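Asker: sequence? don't have it. structure:
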């Protein structure tokens, strides 16, 4: 029997890329699509639409479709627990999530993974298995190389990202000329970048954006992701490039990102 891989699809293009890659690998795929979040194009694959809180229905549907493994991929808005209406089977999970909600996204994700694997018996697998073509690699992908001052900024950024990641608040930071300008909070990377644009409309004088996996984070879910919009924002801010961890981050539209970076004298570097 051909194995069926389940996909719990959040927003954006990555769930589509994962679904296509699963099919190309010779496996069948079944999508759990979330109303108001998942891209409608997911309907080209076997799927079922449901609202965010229907965890019990999602697990039952995956079991009915013989899904022994599940990929969780794509962004989602942080839920307001007071406005969710979980089904009866999902209440146990939501009580657990409510207890850890103040500990950050990493704790929430670990709780969800534990519920799915331990209680429901479905194995979580990383999207990186099916998105190897857009996974960050080691070294510099662009024409621009790193200067000595940028290498120094990278060391500062590593410490800043480790600190904010350990606190569970974010994955990213901005460092310019030896100083940490800002760190990401629960609102995400784009919010951080737009905030810098508002505070410094004339832009910074060089520097970098670093985005790394949180030290307490399960690498199978929510790997750092950047796209062409991220590059356009750092260009407006006056930064020189982006630093990611090799094999621990996705580059959406990777070829377009490299082309844009080369045209704008930006760098993309993998630690």
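Answerer: Thanks, I have it. Predicted, not measured: the structure shown is a model, and the values here were computed from it.
Asker: could you use CA atoms for every contact and neighbour count after this?
Answerer: Will do.
Asker: tell me the helix or strand right after the helix or strand of the chain with the lowest mean pLDDT.
Answerer: When the helices and strands of the chain are scored by mean pLDDT, DSSP states H and E, helix 91-100 comes last with a mean of 69. Following helix 91-100 in sequence order, the next helix or strand is helix 105-114 (DSSP states H and E).
Asker: buried stuff in that next one?
Answerer: If you call a residue buried by 16 or more other CA atoms under 10 Å, then helix 105-114 has these buried ones: 105, 106, 107, 108, 109, 110, 111, 112, 113, 114.
Asker: what does whatever helix or strand residue 192 lives in rub up against?
Answerer: Applying DSSP H and E as the criterion places residue 192 in helix 189-199. Residues outside helix 189-199 that contact it (CA atoms under 8 Å, 6 or more residues apart in numbering) are 171, 172, 182, 183, 184, 185, 203, 230, 233, 234, 236, 237.
Asker: could I get these as JSON lines with pLDDT?
Answerer: As requested, the contacts of helix 189-199 are exported to JSON lines (pLDDT from 0 to 100):
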{"residue": "171", "pLDDT": "93"}
{"residue": "172", "pLDDT": "96"}
{"residue": "182", "pLDDT": "95"}
{"residue": "183", "pLDDT": "96"}
{"residue": "184", "pLDDT": "95"}
{"residue": "185", "pLDDT": "90"}
{"residue": "203", "pLDDT": "83"}
{"residue": "230", "pLDDT": "95"}
{"residue": "233", "pLDDT": "95"}
{"residue": "234", "pLDDT": "96"}
{"residue": "236", "pLDDT": "95"}
{"residue": "237", "pLDDT": "95"}
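Asker: now render those residues as JSON lines, adding secondary structure, neighbour count and distance to residue 214.
Answerer: What follows is the contacts of helix 189-199, written out as JSON lines (DSSP: H, G, I helix; E, B strand; the rest coil; neighbours: other CA atoms under 10 Å; distance: CA to CA, whole Å):
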{"residue": "171", "secondary structure": "coil", "neighbour count": "27", "distance to residue 214": "6"}
{"residue": "172", "secondary structure": "strand", "neighbour count": "28", "distance to residue 214": "9"}
{"residue": "182", "secondary structure": "strand", "neighbour count": "17", "distance to residue 214": "17"}
{"residue": "183", "secondary structure": "strand", "neighbour count": "25", "distance to residue 214": "13"}
{"residue": "184", "secondary structure": "coil", "neighbour count": "21", "distance to residue 214": "12"}
{"residue": "185", "secondary structure": "coil", "neighbour count": "19", "distance to residue 214": "12"}
{"residue": "203", "secondary structure": "coil", "neighbour count": "16", "distance to residue 214": "28"}
{"residue": "230", "secondary structure": "helix", "neighbour count": "17", "distance to residue 214": "19"}
{"residue": "233", "secondary structure": "helix", "neighbour count": "16", "distance to residue 214": "23"}
{"residue": "234", "secondary structure": "helix", "neighbour count": "26", "distance to residue 214": "22"}
{"residue": "236", "secondary structure": "helix", "neighbour count": "16", "distance to residue 214": "27"}
{"residue": "237", "secondary structure": "helix", "neighbour count": "23", "distance to residue 214": "24"}
